[in-house]
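> predicted model and sequence below, questions to follow.
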Amino acid sequence: MKKGFLLLLLASLFMTACSSNSNEAKSSENSAGSYDSSIASDQGKMELSREDSSGEIAMEMPNEDFANADKAVNSDDINITTDRMIIHQAQLQVKVKNFEKAQLNIEKKVKGYGGYVVESNTYRETDETVSGTIIVRIPEKYFQTFLNDAEEQAAEVLSRNVTGQDVTEEYVDLESRLKSKRAVEKRLLDFMTDAKKTEDLLKISSDLAKVQEEIEVLVGRMKYLENQTSFSTIEIYMTETRVIIPGIDNKNLNTWEKTKKQFVDSMNFILSACSALVVFFVGNLPVIVILLIMVGAVFFLIRKRKRKDL
């Protein structure tokens, strides 16, 4: 009897264990069959068990390895602090002796340092004044060297303005946010692989598209900062005042042509005067004849009276 009772007790315990295992399996299947968009972000954050100010991620590990990871993170912090990301810009206003030569030398220096010309303008206000602006981008390590070379091309430096913008903190923040977004993207891709319902696939695809769009924005901004800090922008305004010595203008002499012209003008004047006299006398001939008769009569009477007095 005792043996039979023990057998029945063992059989009941076995049946109870089997039923509990089946219930757990069903509950896990039901939970895996539905997707919640908050799960991906929460699990993505859980994977980032520890994140320091520089954006470095420390995964779960034993205490000894965790301490070593802290040392590595601290060393990275030191590197970020010492290796700053600075956007340098400079403006130079100079006078040069020869504008074309100075511009050519600056362009050669830019090419030699591995930079490039962004914009180049030349203005010729008068024959004596030439000015122009050239904007170049130079690798950051040659920034100060190029400034010195540009000033050597000048006869006189009128002004020099150098500015710098520290974007290290912004870049580190972007890097940290990017790593978090990458972790969320990875979890969403895992969910998409395991999803079986069309509704879940649509939800995951929508969340994944938003995360990937945010990743593209972060990457674009980081690349822009990297480009701005790796190349410095320098704007140079140059002016040249020339002293022009006038030469002998043989074109304006034309001695023989001018002599012939003056001779013809004189002849025309004489002919015009003669023509005017002829016109005057011929045209006024009746008046002139009457005047002559009157003058002759008066002269005759005066002469006759003088004879009588004698």
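That came through fine.
> what's the neighbour count on residue 139?
Neighbour count for residue 139, taken as other C-beta atoms under 10 Å: 14. From N, CA and C alone the C-beta is placed, and that goes for glycine too.
> ok, it - contacts?
Residue 139 makes contacts with 113-115, 230-232, as judged by C-beta atoms under 8 Å, 6 or more residues apart in numbering.
> could you redo the last one with a cut-off of 6 Å?
residue 114 (C-beta atoms under 6 Å, 6 or more residues apart in numbering).
> and the pLDDT at residue 233?
If you check residue 233, the pLDDT there is 92.
> if it is in a bridge, with which residues?
Counting by DSSP bridges, residue 233 is bridged to residue 89, residue 137.
> test my guess that it contacts residue 89.
Yes - the pair residue 233 / residue 89 is scored as a contact, 4.9 Å apart, by C-beta atoms under 6 Å.
> show me the helices in the stretch 101-250 of the chain, by range?
Remark: helices assigned in the stretch 101-250 of the chain by DSSP state H, counting those that start in this stretch are 143-152, 168-194, 198-230.
> the ones you listed into JSON lines, with extra columns for mean neighbour count and distance to residue 281?
Listed next are the helices of the stretch 101-250 of the chain as JSON lines, based on neighbours: other C-beta atoms under 10 Å; distance: least, C-beta to C-beta, whole Å:
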{"stretch": "helix 143-152", "mean neighbour count": "16", "distance to residue 281": "85"}
{"stretch": "helix 168-194", "mean neighbour count": "17", "distance to residue 281": "105"}
{"stretch": "helix 198-230", "mean neighbour count": "15", "distance to residue 281": "97"}
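> list the contacts of residue 133.
121, 237.
> quickly list what it is bridged to.
Applying DSSP bridges to residue 133 yields these beta-bridge partners: residue 121, residue 237.
> residue 233 and residue 89 - which one has more neighbours?
Between residue 233 and residue 89, residue 233 has the larger neighbour count (other C-beta under 10 Å), namely 18 against 15.
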